[in-house]
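Engineer: Below: sequence and its predicted model.
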Amino acid sequence: MRRAASLLLVAMAALFLVAHNQADSHPVWPYVLAFAEAAMVGGLADWFAVTALFRHPLGIPIPHTAIIPQNKDRIADTMASFLRSNFLTPAVVARRLHSLNVAQAAGDFL
């Protein structure tokens with residue numbers, strides 16, 4: 001997936017260069033230029049955002065980057081608390097077990 005994203009970014013950069021050189025030759029090229037420019041900006045912004053969540057982009061310790069590795073224990077505790085309080089309450093578990101027909105499921109399996 002990373003390779004596909006990189007190839008698309010390179011393709012948009014190439015399209016941008018072609019559209020920039022051909023902008024005066026046909027009225028459609030300025031629209032292609034704008035499209036390629038927007039695609040490059042969006043792709044770079046997405047790359048930076050996703051990379052910044054997990055590590056320091058380009059190896060530079062920019063503030064507010066590598067958020068997930070620095071906070072993984074707190075994130076795990078928060079997720080566990082959320083699951084415990086919203087999905088694993090005694091009422092929810094009892095309701096699911098009550099609606100479960102074990103004999104029917106075993107018969108269907110066999």
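Structural biologist: Ah, there it is. Numbers count the residues shown, from 1 in each chain.
Engineer: Model confidence score at the most centrally placed residue in the chain, please.
Structural biologist: Nearest to the mean C-alpha position of the chain, counting by CA atoms, centre = their mean, stands Val50 at 6.8 Å. With respect to pLDDT, Val50 has a value of 91.
Engineer: what's the answer for Glu37, then?
Structural biologist: 97.
Engineer: you'd agree it is up against Leu15?
Structural biologist: No: the pair Glu37 / Leu15 is not scored as a contact, 9.5 Å apart, by CB atoms under 8 Å. Every residue, glycine included, has its C-beta placed from N, CA and C.
Engineer: Now do the domain split for this structure, please.
Structural biologist: 1-65, 69-110 (automatic domain parsing).
Engineer: what about Ser85, helix or strand, and which?
Structural biologist: Per DSSP states H and E, Ser85 falls inside helix 67-86.
Engineer: who does that helix touch, helix- and strand-wise?
Structural biologist: With contacts defined as 3 or more CB pairs under 8 Å, 6 or more residues apart in numbering; DSSP states H and E, helix 67-86 has these neighbours: helix 29-54.
Engineer: So which elements touch the helix it packs on?
Structural biologist: The contact analysis (3+ CB pairs under 8 Å, 6+ apart) places helix 29-54 against helix 2-22, helix 67-86.
Engineer: mind listing what's buried in it?
Structural biologist: Trp29, Val32, Leu33, Ala36, Glu37, Ala39, Met40, Gly43, Ala52 (16 or more other CB atoms under 10 Å).
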